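S.K.: Return a 3D structure for these sequence lines:
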Amino acid sequence: MSEFTSVFVVIIRPAAIDIMNVSKSYRGKVRALKDVSLSVAHGEIFGLLGPNGAGKSSLLKVLLTIIRPNSCKGVMLGQAIGDKKTLKKVGYLPENVQFPDYLSGRQVIRYAAGLSGICPKFCKKRESELLGLVGMEDWADRKVRTYSKGMKQRIGLAQALVNDPELVFLDEPTDGVDPQGRKEMRGILKSLRDQGRTIFINSHLLGELEMVCDSVAILNHGEVVKQGRMNELTGSGSGFTIEYEGELPADLEAELSLRGDIELDVSKLRVSHTSAVELQSTIDQLRAKNVIIQQLVLNKKSLEDLFVETVAGSKPGGVSR
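M.R.: From the prediction side, this is the model:
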């Protein structure tokens with residue numbers, strides 16, 4: 001009787017971006033980046049946050065070889081930073097992007113395709129797909145000079161995807177885009193992630209990033225002061241809020257007020273339990289007194305709360321106050 005041994009091989013894919021000790025100084029001894037290290041996983045939406053002047057755009061430009069760093073170690077898509085063949089697999093939408101205003105949106109995409117060395121036959125098919133993706137089919141043959149800022153951003157995203165990139169850098173992609181457009185943009189970014197692409201976003205719109213990012217890093221004074229998975233950084237841990245109708249019975253209110261894990265408010269209970277299982281006894285108490293529960297909310301730190309807390313608690317040198 002033969003015996004068979006099953007062997008499972010787990011293939012660990014290297015990070016899309018893995019950098020260390022990235023530094024950049026400008027004239028006047030301005031240190032824009034100070035030994036920055038971070039890692040971006042394949043197939044995720046990564047958000048780079050930071051106040052104005054933190055060094056976000058400088059870091060993007062170093063990765064794209066637009067500016068030369070004083071030092072930089074690491075890889076992008078498995079190759080050293082700056083590898084020319086690797087850059088052909090990268091798309092880029094700059095902040096405040098400007099296109100020749102005498103071109104149409106379709107011509108902008110063709111122009112970007114030409115710069116990327118894409119053959120005209122493939123480009124014709126690709127431009128139709130991209131115009132549909134960003135919702136600009138009806139405006140494709142209008143001149144850029146007639147576009148709103150949001151329309152320019154849409155065409156900017158389309159041209160960034162013309163080379164079918166594995167990795168896409170977006171610098172303030174929803175700047176100037178209306179609420180409906182931002183919602184559509186979020187859908188596009190999630191679909192790109194679902195296709196296996198990696199999206200690297202630099203933005204100050206924290207609410208937008210919170211809805212799409214898998215991981216974030218916060219840059220301050222040219223240094224990474226916090227980074228990690230979104231759900232771990234903003235995760236639970238501050239309990240639940242139970243909203244109820246009317247007033248609590250006097251005896252129940254007196255009983256709950258003696259508990260150290262509950263804070264009473266008008267038509268609300270803030271419970272410090274971090275486990276839904278532990279919460280059940282409190283819910284049972286309310287139900288036993290016929291209290292109508294309107295809503296149960298898991299308290300969660302917002303990305304804005306995390307950002308303000310982190311930036312306020314850091315100073316040059318990466319030391320927390």
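
S.K.: gap between E243 and R287?
M.R.: As judged by Cβ to Cβ, to the nearest Å, E243 and R287 stand 15 Å apart. Placement of C-beta: from N, CA and C, glycine included.

S.K.: likewise G53?
M.R.: With distances taken as Cβ to Cβ, G53 is found 54 Å from R287.

S.K.: what's the answer for H42, then?
M.R.: 47 Å.

S.K.: Then S104?
M.R.: With Cβ to Cβ as the criterion, S104 and R287 are 64 Å apart.

S.K.: These two: which has the busier surroundings?
M.R.: S104 (19 against 11; other Cβ atoms under 10 Å).

S.K.: right, and that one touches D141 too?
M.R.: Yes - using Cβ atoms under 8 Å, S104 makes contact with D141 at a distance of 4.9 Å.

S.K.: what does stretch 111-126 rub up against?
M.R.: 88, 99, 103, 109-110, 127, 159-160, 162-164 (Cβ atoms under 8 Å, 6 or more residues apart in numbering).

S.K.: Give the rounded mean pLDDT of that stretch.
M.R.: Stretch 111-126 carries an average pLDDT of 82.

S.K.: What residues sit buried inside it?
M.R.: For stretch 111-126, the neighbour count (16 or more other Cβ atoms under 10 Å) marks 112-113, 116, 118, 123, 126 as buried.

S.K.: again with stretch 275-283
M.R.: 279, 282-283.

S.K.: I'd like those written out as JSON lines, with secondary structure added.
M.R.: As requested, the buried residues of stretch 275-283 are exported to JSON lines (DSSP: H, G, I helix; E, B strand; the rest coil):
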{"residue": "L279", "secondary structure": "helix"}
{"residue": "T282", "secondary structure": "helix"}
{"residue": "I283", "secondary structure": "helix"}
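
S.K.: Am I right that L248 sits in a strand?
M.R.: No - using three-state DSSP, the assignment for L248 is coil, not a strand.

S.K.: shouldn't it be in contact with I293?
M.R.: No - taking contacts as Cβ under 8 Å, L248 lies outside contact range of I293: 11.7 Å.

S.K.: can I see the domain layout of the chain?
M.R.: 17-234, 240-298 (automatic domain parsing).

S.K.: average pLDDT for stretch 214-227?
M.R.: 92.

S.K.: Any idea how far that stretch is from the middle of the chain?
M.R.: 12 Å (Cα atoms, centre = their mean, to the nearest Å).

S.K.: What of stretch 298-314?
M.R.: 15 Å.

S.K.: One more: stretch 280-298?
M.R.: 36 Å.

S.K.: Next, the distance between the ends of it.
M.R.: 14 Å (Cα to Cα, to the nearest Å).

S.K.: Can I get the lengthiest helix in the chain in CSV, CA atoms only?
M.R.: The residue-count maximum for a helix in the chain (DSSP state H) belongs to helix 179-194. Extracted in CSV, the C-alpha atoms of helix 179-194 (Å, rounded to 0.1, in the frame of the first residue of the first chain):
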residue,chain,number,x,y,z
PRO,A,179,-19.1,64.4,-4.6
GLN,A,180,-20.7,62.2,-7.3
GLY,A,181,-17.4,62.1,-9.1
ARG,A,182,-15.5,61.2,-6.0
LYS,A,183,-17.9,58.3,-5.4
GLU,A,184,-17.3,57.1,-8.9
MET,A,185,-13.6,57.5,-8.5
ARG,A,186,-13.6,55.4,-5.4
GLY,A,187,-15.4,52.7,-7.4
ILE,A,188,-12.8,52.9,-10.1
LEU,A,189,-9.9,52.6,-7.6
LYS,A,190,-11.5,49.5,-6.0
SER,A,191,-12.1,47.9,-9.4
LEU,A,192,-8.4,48.5,-10.2
ARG,A,193,-7.4,46.8,-7.0
ASP,A,194,-9.7,43.9,-7.7
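
S.K.: any idea of the mean pLDDT in that helix?
M.R.: Averaged across helix 179-194, pLDDT comes to 90.

S.K.: Same check on stretch 21-35?
M.R.: Stretch 21-35 shows a mean pLDDT of 89 in the predicted model.

S.K.: can you list contacts of it?
M.R.: By Cβ under 8 Å, 6+ apart, stretch 21-35 touches 36-37, 55, 58-59, 62, 67, 69-74, 221-223, 318.

S.K.: buried ones in it?
M.R.: Buried-residue list, stretch 21-35, by 16+ other Cβ under 10 Å: 22-24, 31-34.
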